[in-house]
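# what's the 3D shape of this:
(6 chains)
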There are 6 protein chains.
Amino acid sequence: MVRASGRKADETREIKIIPNYLAYAEGSCMISFGKTKILCAATIEDKIPAFLKGSGYGWISAEYSLLPRATQTRSDREAVRGKQSGRTQEIQRLIGRSLRASLDLATFGERQLKVDCDVIQADGGTRTASICGACVAVGLAIRKMQFKHNPFKHLVGAISCGIINDRVVIDLDYMEDSQAQVDANFVMVDTGELVEVQATGEKGVFTDDQLAEMICCARRGVQQIFKLQKDILLQ
Amino acid sequence: MVRASGRKADETREIKIIPNYLAYAEGSCMISFGKTKILCAATIEDKIPAFLKGSGYGWISAEYSLLPRATQTRSDREAVRGKQSGRTQEIQRLIGRSLRASLDLATFGERQLKVDCDVIQADGGTRTASICGACVAVGLAIRKMQFKHNPFKHLVGAISCGIINDRVVIDLDYMEDSQAQVDANFVMVDTGELVEVQATGEKGVFTDDQLAEMICCARRGVQQIFKLQKDILLQ
Amino acid sequence: MVRASGRKADETREIKIIPNYLAYAEGSCMISFGKTKILCAATIEDKIPAFLKGSGYGWISAEYSLLPRATQTRSDREAVRGKQSGRTQEIQRLIGRSLRASLDLATFGERQLKVDCDVIQADGGTRTASICGACVAVGLAIRKMQFKHNPFKHLVGAISCGIINDRVVIDLDYMEDSQAQVDANFVMVDTGELVEVQATGEKGVFTDDQLAEMICCARRGVQQIFKLQKDILLQ
Amino acid sequence: MVRASGRKADETREIKIIPNYLAYAEGSCMISFGKTKILCAATIEDKIPAFLKGSGYGWISAEYSLLPRATQTRSDREAVRGKQSGRTQEIQRLIGRSLRASLDLATFGERQLKVDCDVIQADGGTRTASICGACVAVGLAIRKMQFKHNPFKHLVGAISCGIINDRVVIDLDYMEDSQAQVDANFVMVDTGELVEVQATGEKGVFTDDQLAEMICCARRGVQQIFKLQKDILLQ
Amino acid sequence: MVRASGRKADETREIKIIPNYLAYAEGSCMISFGKTKILCAATIEDKIPAFLKGSGYGWISAEYSLLPRATQTRSDREAVRGKQSGRTQEIQRLIGRSLRASLDLATFGERQLKVDCDVIQADGGTRTASICGACVAVGLAIRKMQFKHNPFKHLVGAISCGIINDRVVIDLDYMEDSQAQVDANFVMVDTGELVEVQATGEKGVFTDDQLAEMICCARRGVQQIFKLQKDILLQ
Amino acid sequence: MVRASGRKADETREIKIIPNYLAYAEGSCMISFGKTKILCAATIEDKIPAFLKGSGYGWISAEYSLLPRATQTRSDREAVRGKQSGRTQEIQRLIGRSLRASLDLATFGERQLKVDCDVIQADGGTRTASICGACVAVGLAIRKMQFKHNPFKHLVGAISCGIINDRVVIDLDYMEDSQAQVDANFVMVDTGELVEVQATGEKGVFTDDQLAEMICCARRGVQQIFKLQKDILLQ
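Alright, predicted model coming up:
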């Protein structure tokens, strides 16, 4: 099978991460997967959600937004429509859950990390790229705080997978995404275990074997992301 | 391991489906998994979403809501707060996607099936129970329309799984749900294939083997649901 | 005159009340008037409205909602539209006011009773049925609290009346409701006095005599409701 | 009994109506009952609600609003809070229903009359005063249209009543209103029949006789309003 | 050049201010510029915005609204649409800023003056007329408080200017406003200095000289307003 | 006087414009004034506002938004709060008006240009920088359309001015902005004429001479912007 881009089935697009992209955020980066481009900014705040007050635990949450002209045709601004779409909320909940695997919230203190993922340009895979970039922004923000016991536990990486013409491919661009029978996202930690699996038969169903194959393929692809994250965070 | 309820790891709660619970809906049922109780109602409308106009294709979507006193403590009414929560939207998107596996939208005509899943009582597993009940409501509504070529393709069933103390269990109640390390939902068709997999490491990560074990366990549990659905829809 | 249902002018539909319908609510019931079916749930909360803080007084309020497929054709969900309609707000204000006649708020303590009336199926008379069911839910919730001095003062019952072809009838179903010249709702306590009178000349005007006749007719009908309420609350 | 104002039980405050208060509205007036002061403006539009399209029938509806400083202490602006309160919606629905008794909607054509009632100053009785003023605004707007067959059927008048210290009084000011055991509003046409009755036992219950006494008292009070309306509309 | 109204280029419409128009507001007036008519009401509240708590400083803000039938054709009520328009917010921010030049907020104490400007009738120039009237309402409210050291520093006046057919005119009515190439508003204090300048080339651009000419012309026009304000506030 | 940055009174920060920053927008650029950084994207759509339908005229409008972490401390996302702030709406109205001076809307056809200005980083002067960048995005989009008669009339530039310690300075950064007595924004076309003047005495008043001095100073500063715009648009 030949992908339109000429990529092999398990080949990702070029991935780049520019750390400290913003002057004011506690941690930030611009991450790109080919044409997909996301600005991730981490903020540390002292106020935490009501359900954690007095618990000693910290919290991480995320917000996600698509700039109106990130996409091929302009999409309406959610602030103008007066609410975030279901898709936006689903994605920001996923990013938040994924990041909670990166930190030991028990030793983070009663603080909240908020990560803003603003999609500058969207060519498929924005939710997984957001997770990868957000992890870097979190790591940079944590480093700046100089904890005695570093609460940062795990790198968290994510990648999309899909089945097109019954073949598993990774890191789908927008065109591929719209053709896929099955669409999946995998979030993993750097020890190789899974944090989140989401697989949907958009235009068909899938077998256990196909799911297993997608996971394998994703696991290989995520290695590159961990390498880029380490180059920035462990330097 | 002993579950608080005395159930075995792969034992579901008592599942009941009362078909045609409502007088006016084209199809409806009340489904219960133990104390969890959901009213599912299918409506067939002639207007479809703008992106399908003129395509000849039909559409299915779902709405989900928790009655304020479905839960142990009262939760605010979304109509009063002025918007649906992220959780609500995520769930209704999942139900809609799952149901799209049940129908051949190409032969359904330019119609829309809307399924309302209103949770009367919530004791865990409301999203999977909603999918199971919604499939029955859809089947009953389709039957009433007397299509020449029946567009109903597949029964769709769903069940929750989780990992508690490193053991896989299915059909978690609310108490178990709040203790689980990993929380998963599996949607399948009656041929055994997967429609949707969602697995989250709420309090930890998980391995490929654990995911595979959960899928096996879920597949056994879903059989009961298919049996109940068939008893109603094929009678 | 013959009513389509064969009922006599002062004959109600079959009225049933299933107490303790819900597992978690402090008090609850499912009430039905023929096909009209409403789930009423009472919650006791410690926080009261700002204007009562420090007064020693308690409060009762109600919320009302129609499930989307309670009606013959589906109505939009208010949580999706982003606000409660004027009709909904008018009804829940009426239910709240009516219930305030049932309790001695001075001895109830700085607590709030919230009653949720969710219409499962609507065939006319949902606001009066809600009041009748809500009173039972309140009574059951109060009983559970074991007050030294019972603050429950009065049973509150309500019934709709109308004028069709110049004849007074009670407990109109949806079809009758849409034909009525005059549409009225009467709320009474078990001593026979009036709590609220609402009469509207939807398609015409009415005389003092007609109003008096409607009140008489309603008072007879409400007796049955008081009997059902007593059977549950005084057992 | 002496009322704080020195008024007799069945004595209204001074009522004044200034017709054509606005330069642009099709019909308008400023109506005052003592310190209560309301600007009523009628607009005739060609578009009607969807449910009437093609029916040949017209429609009347009303909107009601309290200017922030109409009241003794400032109340928040509903446009700032982002929605109309339940009280506002209840009142504007009442005004609309009442006005529908004034016009023959079958001969009015597929048009809509919208009446805006903006409370400049509020000292009790704003909903009944709104109805009285709105009727004048409607009458003036109708006159300007020069119908062949005048669709204006009836003058509509309204007045508030209440029971204070077990005595019936009419046209309560704000102070009286907050003390009343029973609070009622009566809407009538100039032939003496009733259009709408709303009576609420705010702090107690009431008997049939008390209701009848309130209606009598209101009917006398409304005569003055009909006189003022006639002076303007029949000149 | 002849203006449609017969006014000279630097001639304002008839300006009238009726002080103490409302019974309850701390300060109020009805101001009119020809057919433009605005009700201004000042309220003094003890709570101030969060950013000023503990600062010892006071605050002034304004709200602005157009009654639906202030205009030639009815405009929708912002409370019904659920939000204030951009135009409304822009105007109320301008009024608030302008009024801050009138008071010494350092000696006003931790209080907030809120000024409501409700446009009863709109024939152009509503924002400048609002500023002129609001200043009177503020002055009257301040006088009632009997400060030891009067915090009222300056009269604030405002007037609109425009360029029509390359000629500068002041106090444009609605018709002129819609023809103007350039539309400007000037806010000044009674010592002659500028508080705010807003000039927009709606249908063209303008030169420094034209701007200077508009300022001169506006300064002459504002003198009349200061005279009327003084007559009321210094009496 | 020495500015904290060492800049001279009439010296701007370093201004850079990266054209075609986005892959999908019809025209786009990233513009920076020192640390202030704004992404401008122009979209051409076929639907125009209702008031222009059938007129033959086109339209330009703008939307503006601050990314949450553009600022020193995180600001809430407007899509989460559910509405755009007054400040946001005021700015996007200003940008839209300013851009209307750049195009001949009569020859542009019944099309709409929407320009999105998303502030990536904010250090003062975001509204004027947005105008400068938006003009480039518009110019690039127009060029791509290959009009027979180019509707692009004028370059539009803008710069902020202020008075600090009684001295006029231009292009204030955030720190200077918060100290300024007077805050002004000037929008001009490349022929030197004014499109919009906004000057506000935030902490004091100002004279005609000071206004004139600010305009002169701004006119010199805007020359640099026109030069950068020309280098991109006329190449």
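
# the helix or strand containing residue A:231 and chain B, are they touching?
Using DSSP states H and E, residue A:231 sits in helix A:208-233. Yes: Helix A:208-233 lies within reach of chain B by CB under 8 Å from any CB of the partner chain, at A:208, A:211, A:212, A:215. To be clear about C-beta, it is placed using only N, CA and C from the backbone, and glycine gets the same treatment.

# need the contact partners of the lowest-mean-pLDDT helix or strand in chain A.
Every helix and strand of chain A was ranked by mean pLDDT, DSSP states H and E. The lowest is helix A:78-81, at a mean of 93. With CB atoms under 8 Å, 6 or more residues apart in numbering or on different chains as the test, helix A:78-81 has contacts from A:65, A:84-85, A:88, F:63, F:65, F:77-79, F:81, F:83-84, F:88.

# among the residues you listed, which one lies nearest to residue D:16?
Nearest to residue D:16 among those is residue F:83, at 40.7 Å by CB to CB.

# wait, what's in contact with the closest one?
Neighbours of residue F:83 in contact, by CB under 8 Å, 6+ apart: A:79, A:82, D:82, E:83.

# surely residue A:97 is in contact with residue A:197?
No: the pair residue A:97 / residue A:197 is not scored as a contact, 11.9 Å apart, by CB atoms under 8 Å.

# next to chain E, which bits of chain A? Give me the list.
Going by CB under 8 Å from any CB, the residues of chain A near chain E are residue A:82.

# centroid residue for chain A?
Centroid-nearest residue in chain A, with CA atoms, centre = their mean: residue A:131, separated by 1.7 Å.

# look up how far residue B:214 lies from the nearest residue to that one once chain neighbours are set aside.
Using CB to CB, 6 or more residues apart in numbering or on different chains and skipping the chain neighbours, the partner closest in space to residue A:131 is residue A:158 (4.0 Å). Relative to residue B:214, residue A:158 is positioned 20 Å away (criterion: CB to CB, to the nearest Å).

# what's the answer for residue A:160, then?
Note on residue A:160: its distance to residue B:214, by CB to CB, is 22 Å.

# list the residues that contact residue A:71.
Residues near residue A:71 by CB under 8 Å, 6+ apart: A:122, F:24.

# my error: substitute residue A:70 in the last question.
Residue A:70 makes contact with A:119, A:120, A:121, A:122, F:22, F:24, according to CB under 8 Å, 6+ apart.

# nearest spatial neighbour of it, chain-adjacent residues omitted?
Per CB to CB, 6+ apart, closest to residue A:70 is residue A:122, 4.3 Å.

# ok, the one you found - how many residues close by?
21 (other CB atoms under 10 Å in any protein chain shown).

# hang on, it packs against residue A:174?
Yes: in this structure, residue A:122 is within contact of residue A:174 by CB under 8 Å, at 7.2 Å.

# ok, back up a step: from residue A:196, how far out is the residue nearest to residue A:131?
Distance from residue A:158 to residue A:196, counting by CB to CB: 8 Å.

# over to residue A:157?
Shown here: residue A:157 relative to residue A:196, a distance of 11 Å by CB to CB.

# what is in contact with the two at once?
Joint contacts of residue A:157 and residue A:196 (CB under 8 Å, 6+ apart) are residue A:187.

# the two: who's more crowded?
Neighbours were counted for residue A:157 and for residue A:196 using other CB under 10 Å; residue A:157 has more, 27 against 24.

# hmm, the more buried one is touching residue A:226, no?
Yes: counting by CB under 8 Å, residue A:157 sits close enough to residue A:226 to count as a contact (5.4 Å).

# which neighbours do the two have in common?
Residues touching both residue A:157 and residue A:226 by CB under 8 Å, 6+ apart: residue A:190.

# for the residue in chain A that chain D sits nearest to, which residues are in contact?
When scored by CB to the nearest CB, chain A has residue A:82 as its residue closest to chain D, at 9.2 Å. With contact taken as CB under 8 Å, 6+ apart, residue A:82 is in contact with C:82, E:82, E:83, F:82, F:83.

# one more: residue A:53?
Residue A:53 neighbours (CB under 8 Å, 6+ apart): residue A:110.

# what about residue A:13, how many neighbours?
By the criterion of other CB under 10 Å, residue A:13 has 20 neighbours.

# does it really touch residue A:33, like I thought?
Yes: using CB under 8 Å, residue A:13 is in contact with residue A:33, at 4.9 Å.

# which residues do these two both contact?
Common neighbours of residue A:13 and residue A:33 (CB under 8 Å, 6+ apart) are residue A:171.

# show the backbone phi and psi for the residue of chain A positioned farthest from its centre.
Ranked by distance from the centre of chain A (CA atoms, centre = their mean), the top residue is residue A:54, with 29.9 Å. Torsion angles at residue A:54 (phi, psi; degrees, to the nearest 10) stand at phi 80, psi 0.

# one more: residue A:152?
phi -80, psi 110.

# can you check residue A:5 too?
Dihedral angles of residue A:5 (phi, psi; degrees, to the nearest 10) stand at phi -80, psi -10.

# for it, grab the count of nearby residues.
Here the number of neighbours of residue A:5 (other CB under 10 Å) works out to 13.

# what residues are up against it?
Neighbours of residue A:5 in contact, by CB under 8 Å, 6+ apart: A:13, A:173.

# ok, 10 Å please
Each residue near residue A:5 by CB atoms under 10 Å, 6 or more residues apart in numbering or on different chains is listed here: A:11, A:13, A:34, A:171, A:173, A:175, A:176.

# verify the contact between residue A:14 and residue A:33 for me.
Yes: between residue A:14 and residue A:33 there is a contact under CB atoms under 10 Å: 7.6 Å.

# ok, those two, which is more surrounded?
Neighbours around residue A:14 and residue A:33, counted as other CB under 10 Å, are more numerous at residue A:33. The numbers are 25 against 8.

# for that one, give the beta-bridge partners.
Residue A:33 has these beta-bridge partners by DSSP bridges: residue A:15, residue A:36.

# just the CA trace of the helix or strand containing residue A:131, in PDB.
Assigned by DSSP H and E, residue A:131 belongs to helix A:126-145. The C-alpha coordinates for helix A:126-145 follow below in PDB (Å, rounded to 0.1, in the frame of the first residue of the first chain):
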ATOM      1  CA  THR A 126      -4.500  17.300  17.000                       C
ATOM      2  CA  ARG A 127      -5.500  15.600  20.200                       C
ATOM      3  CA  THR A 128      -2.500  13.200  20.300                       C
ATOM      4  CA  ALA A 129      -0.100  16.000  19.400                       C
ATOM      5  CA  SER A 130      -1.700  18.100  22.100                       C
ATOM      6  CA  ILE A 131      -0.900  15.400  24.700                       C
ATOM      7  CA  CYS A 132       2.700  15.100  23.500                       C
ATOM      8  CA  GLY A 133       3.300  18.900  23.600                       C
ATOM      9  CA  ALA A 134       1.400  19.400  26.900                       C
ATOM     10  CA  CYS A 135       3.600  16.900  28.600                       C
ATOM     11  CA  VAL A 136       6.600  19.000  27.600                       C
ATOM     12  CA  ALA A 137       5.000  22.200  28.800                       C
ATOM     13  CA  VAL A 138       4.200  20.500  32.100                       C
ATOM     14  CA  GLY A 139       7.800  19.200  32.400                       C
ATOM     15  CA  LEU A 140       9.200  22.600  31.800                       C
ATOM     16  CA  ALA A 141       6.900  24.300  34.300                       C
ATOM     17  CA  ILE A 142       7.700  21.700  37.000                       C
ATOM     18  CA  ARG A 143      11.400  22.200  36.400                       C
ATOM     19  CA  LYS A 144      11.000  25.900  37.000                       C
ATOM     20  CA  MET A 145       9.400  25.300  40.400                       C
END
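
# just how off-centre is that helix within its chain?
The chain centroid and the centroid of helix A:126-145 are separated by 9 Å under CA atoms, centre = their mean, to the nearest Å.

# residue B:100 versus the nearest residue to residue A:120 once chain neighbours are set aside, what's the distance?
In this structure, residue A:120 finds its nearest non-sequential neighbour in residue A:37, 4.4 Å apart by CB to CB, 6+ apart. For residue A:37, the distance to residue B:100 equals 31 Å [CB to CB].
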